[in-house]
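Engineer: Kindly generate the corresponding structure for this input.
(one chain, ligands or ions: 1)
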Amino acid sequence: MQPCPKPEPKSKERAREKRHEAAVIKAVRAHVSARDGYCRARMVGTCDGRDEWAHLEDKRRARTVGMAPEERHTANDSLMLCTRHHDDYDEGRLAIFKHSPMGAEGHLAFYSYRLRRFYTETSSGVVQMTLSEIRAVAALILHGALENEL
Ligand SMILES: [Zn+2]
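Structural biologist: Numbers count the residues shown, from 1 in each chain. Below is the predicted model:
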């Protein structure tokens with residue numbers, strides 16, 4: 001009978017987990033950076049600062065404690081933002097919406113509370129709407145005019 005192997009010390013286990021998370025971060029961030037460039041919200045006003053890796057909604061750092069690295073850091077739930085747009089997002093001046101379960105791997109939409117404008121990515125480029133244009137579309141939806149389109 002084989003003797004029971006000595007359990008791995010906790011510090012060694014933690015170091016291995018840290019190396020694993022660092023490898024996941026490096027790979028996902030490289031993919032997202034190649035996909036988005038300097039800032040994914042570059043159509044929203046002016047960019048400023050360095051390129052930063054931002055996590056969306058429920059993948060924001062405080063909400064992912066204890067989550068596996070592969071779940072915590074995904075291309076669907078993260079994007080590159082400049083310092084200005086990252087701060088705007090974190091401080092609630094910029095809202096970011098996903099169009100589909102593909103999240104940031106698909107088209108995103110942005111609403112700037114400062115500029116009072118809505119921007120949505122489409123396959124033919126970015127479409128920009130003012131509040132009165134959004135109101136007109138909302139009225140069409142409310143009156144059932146787009147029932148067959150949605
Ligand atoms: Zn920016």
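Engineer: for this protein, what spans make up the strands?
Structural biologist: 51-55, 78-82, 94-98, 108-112, 117-122, 125-130 (DSSP state E).
Engineer: List, one by one, the residues from the protein near the ion.
Structural biologist: Cys39, Ala41, Cys47, Cys82, His85 (Cβ under 5 Å from the ion). (C-beta placed from N, C-alpha, C; glycine too.)
Engineer: Identify the residues contacting the residue lying closest to Trp53 once chain neighbours are set aside.
Structural biologist: Computed as Cβ to Cβ, 6 or more residues apart in numbering, the closest residue to Trp53 that is not its neighbour in sequence is Arg29, at 5.1 Å. Arg29 sits next to Trp53, His73, Ser78 when contact means Cβ atoms under 8 Å, 6 or more residues apart in numbering.
Engineer: Just put the strands of the chain in CSV and tack on distance to Arg61 and mean pLDDT.
Structural biologist: What follows is those, written out as CSV (distance: least, Cβ to Cβ, whole Å; pLDDT from 0 to 100):
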stretch, distance to Arg61, mean pLDDT
strand 51-55, 7, 96
strand 78-82, 11, 98
strand 94-98, 16, 96
strand 108-112, 20, 96
strand 117-122, 25, 95
strand 125-130, 28, 92
